[in-house]
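> Sequence and computational prediction follow.
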Amino acid sequence: AKEPLRVLVTGAAGQIGYALVPMVARGAMLGPDQPVILHMLDIAPAAEALNGVKMELVDAAFPLLKGVVATTDVVEACTGVNVAVMVGGFPRKEGMERKDVMSKNVSIYKSQASALEKHAAPNCKVLVVANPANTNALILKEFAPSIPQKNITCLTRLDHNRALGQVSERLKVQVADVKNVIIWGNHSSTQYPDVNHASVKTSSGAKPVRELVANDEWLKGEFITTLQQRGAAIIKARKFSSALSAASSACDHIRDWVLGTPEVVFAYFWVSMGVYSDGSYHVPAGLIYSFPVTCKNEEWSIVQGLSIDEFSRKKLDATAQELSEEKSLAYSCLQ
Ligand code: NAX
């Protein structure tokens, strides 16, 4: 039998945490034969609620769940973890300046980075979900220099999955038959969902999404804005932000990273991940930016050589620009 892996979920008493921990305990993140020990961190005001989540995990009697650590102590939470899913953060409240929210999150991510740096298992893989996700991940990377930079990522898989969902609804095809959409850039309203390389499996082979939709206006307009505003639409409908879809996408992100993206002969199958830019596609190096990636042997690589038309170029640059500004803002909070 496999040794259990330790999975940290921060902000575990929150909405996404509540949806995520049972998925991890059921094997949706690391596979149905991989035992896990859950480490759940939250802050003191949420300690009682966190303990309630722990009670429910015990009550659910998950066969793969070999232990639960529920704590408000960052060091205890980070010790020995193989995977860290950072969902905890400071939300933007009405009337707050961007800089004040950034400043709170910079200090949270700085201290949690140090704890991971000192106490996590070697080669720990980190996924930042909490917003501003890309920039929180960048701060975490800065303050955990001994964790390889390839191991620090942020979640744009929810946006990726939303794009698959929108194409499948529009074309009335199975979502599993749609592949290779791309989310470029920031997990924010400047993200660029790109279908230029996406295809749908049909009975007569793979067909480009562009050709099947045959409506450029929709693809360049409503499709993009629907995705950019989807988070807000969920809040409006549910009165709470996306939680089950965020949790499920976080599982997809880690599962594909650790177990690999599907290998296809003479073709590609990629997913979107926020990763440290190496300058691919003329995206400034040193940002955490969402790219199309394939994963093998527990490592992601950016898919190279995709053509970028003029429309896309502008969108890639605009979201990079926003990330550069967020980065400057975050650094100004460090002084
Ligand atoms: P909740 O407010 O329900 O939960 C957040 C939890 O984090 C709370 O229990 C809180 O006590 C805890 N927390 C706060 N500071 C902490 C700290 N320093 N250490 C540990 N825990 C701490 O929010 P929820 O709806 O679960 O969303 C969590 C985060 O995910 C938010 O930042 C949200 O903006 C972000 N999202 C990111 C998405 C993505 O695709 N990247 C999509 C969903 C979501 O909007």
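Yes, it's here. Numbering: from 1, shown residues only.

> Helices of the stretch 101-250 of the chain, residue ranges please.
133-142, 157-171, 209-213, 216-220, 222-228, 230-238, 244-259 (DSSP state H, counting those that start in this stretch).

> got those as a markdown table, with mean neighbour count, mean pLDDT and distance to Tyr192 columns?
Heads up, the C-betas are built off the backbone N, CA and C, glycines and all. As requested, those are exported to a markdown table (neighbours: other Cβ atoms under 10 Å; pLDDT from 0 to 100; distance: least, Cβ to Cβ, whole Å):
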| stretch | mean neighbour count | mean pLDDT | distance to Tyr192 |
| --- | --- | --- | --- |
| helix 133-142 | 26 | 97 | 13 |
| helix 157-171 | 21 | 98 | 10 |
| helix 209-213 | 17 | 96 | 15 |
| helix 216-220 | 13 | 95 | 11 |
| helix 222-228 | 17 | 95 | 7 |
| helix 230-238 | 13 | 94 | 14 |
| helix 244-259 | 21 | 98 | 18 |
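
> Val68: which of these is closest?
helix 244-259 (17.0 Å; Cβ to Cβ).

> looking at it, Tyr281 is touching Arg313, isn't it?
No: counting by Cβ atoms under 8 Å, Tyr281 does not reach Arg313; the two are 9.0 Å apart.

> Give me the more crowded residue out of the two.
The residue with more neighbours, out of Tyr281 and Arg313, is Tyr281; 20 against 12, by other Cβ atoms under 10 Å.

> related to what we said a few turns ago, would JSON lines of the helices of the stretch 101-250 of the chain with distance to the ligand be doable?
Shown next, in JSON lines, are the helices of the stretch 101-250 of the chain (distance: least, Cβ to the nearest ligand atom, whole Å):
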{"stretch": "helix 133-142", "distance to the ligand": "4"}
{"stretch": "helix 157-171", "distance to the ligand": "4"}
{"stretch": "helix 209-213", "distance to the ligand": "22"}
{"stretch": "helix 216-220", "distance to the ligand": "22"}
{"stretch": "helix 222-228", "distance to the ligand": "12"}
{"stretch": "helix 230-238", "distance to the ligand": "6"}
{"stretch": "helix 244-259", "distance to the ligand": "4"}
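
> low pLDDT regions in this structure?
Within the chain, no range satisfies pLDDT under 70.

> For it, what lies in contact range of the ligand?
10-11, 13-17, 41-43, 46, 87-91, 108, 129-131, 133, 155, 158, 187, 231, 241-243, 246 (Cβ under 6 Å from any ligand atom).

> how near is the residue lying closest to Ser307 once chain neighbours are set aside to Ser242?
With sequence-adjacent residues excluded and distances taken as Cβ to Cβ, 6 or more residues apart in numbering, Ser307 is closest to Asn196, at 7.5 Å. Separation of Asn196 from Ser242 (Cβ to Cβ, to the nearest Å): 26 Å.

> And Lys2, by the same measure?
Distance check for Lys2 against Ser242: by Cβ to Cβ, it reads 32 Å.

> quick one: which of those two has more around it?
Ser242 (20 against 11).

> what's near enough to touch the residue in the stretch 1-150 of the chain positioned nearest to the ligand?
Closest residue of the stretch 1-150 of the chain to the ligand, Cβ to the nearest ligand atom: Gly14 (1.9 Å). Residues in contact with Gly14, defined by Cβ atoms under 8 Å, 6 or more residues apart in numbering, are Asp42, Ala46, Val87, Gly88.

> try 7 Å
Going by Cβ atoms under 7 Å, 6 or more residues apart in numbering, Gly14 touches Val87.

> do the same with Ser249
Contact analysis of Ser249 by Cβ under 7 Å, 6+ apart lists Leu155, Arg157, Leu158, Asn161.

> Swap in 8 Å and give it another go.
Taking Cβ under 8 Å, 6+ apart as the test, what Ser249 contacts is Leu155, Arg157, Leu158, His160, Asn161.
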